[in-house]
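*Asks:* prediction below, plus the sequence it came from.
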Amino acid sequence: MKRFSDFAAEQVALDGDKARLDDILNAPVVITGFRIRKTRYSKNDSGEYLTLQFEREGKRWIVFTGSDVLIGQIKQYGDEIPFETVIRKINRYYAFT
């Protein structure tokens with residue numbers, strides 16, 4: 001008998017407590033999942049926003065951002081999840097380091 005999860009194309013919801021991006025800067029986190037969606041608010045060039053799921057100190061969290069740099073990096077390296085990183089604010093943008 002097939003299981004629904006064997007053929008369903010839907011993404012699993014990302015769970016965790018909400019965090020603010022500024023609260024996790026310069027601290028190691030383990031990225032465990034992500035989702036990119038279109039935004040209704042066009043504050044960035046891509047017109048997308050990123051939901052990042054991560055673990056820190058044994059607890060699961062999610063953070064939302066419209067950072068085009070983080071969106072580009074996760075598109076390029078999302079296949080490597082899970083991975084450990086530090087998110088830094090460099091001048092006016094955020095980046096995985």
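*Replies:* Done, it's in.
*Asks:* centre of the chain to stretch 87-97, how far?
*Replies:* Put simply, stretch 87-97 sits 14 Å off its chain's centre (C-alpha atoms, centre = their mean, to the nearest Å).
*Asks:* packing partners for the strand ranked longest in the chain?
*Replies:* Of all the segments assigned as strand in the chain under DSSP state E, the longest by residue count is strand 28-38. Using 3 or more C-beta pairs under 8 Å, 6 or more residues apart in numbering; DSSP states H and E as the contact criterion, the secondary-structure elements in contact with strand 28-38 are strand 48-56, helix 68-77, strand 83-90. The way it works is simple: take the backbone N, C-alpha and C, and place the C-beta from them, glycine included.
*Asks:* ok, that strand: who's next to it in the sheet?
*Replies:* Using DSSP bridges, the neighbouring strands of strand 28-38 in the sheet come out as strand 48-56 (antiparallel), strand 83-90 (antiparallel).
*Asks:* that older thread, need the helices and strands packed on strand 28-38 in TSV (columns: mean neighbour count, distance to D23 and mean pLDDT).
*Replies:* Conversion of the helices and strands packed on strand 28-38 to TSV gives the following (neighbours: other C-beta atoms under 10 Å; distance: least, C-beta to C-beta, whole Å; pLDDT from 0 to 100):
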stretch	mean neighbour count	distance to D23	mean pLDDT
strand 48-56	19	10	95
helix 68-77	16	15	96
strand 83-90	14	10	96
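*Asks:* now render the ones you listed as JSON lines, adding distance to K38.
*Replies:* Below are the helices and strands packed on strand 28-38 laid out as JSON lines (distance: least, C-beta to C-beta, whole Å):
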{"stretch": "strand 48-56", "distance to K38": "6"}
{"stretch": "helix 68-77", "distance to K38": "12"}
{"stretch": "strand 83-90", "distance to K38": "23"}
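*Asks:* circling back: now the angle from the longest strand of the chain to helix 68-77?
*Replies:* Orientation of strand 28-38 against helix 68-77 (axes from the mean of the first three to the mean of the last three C-alpha atoms, to 10 degrees) gives an angle of 100 degrees.
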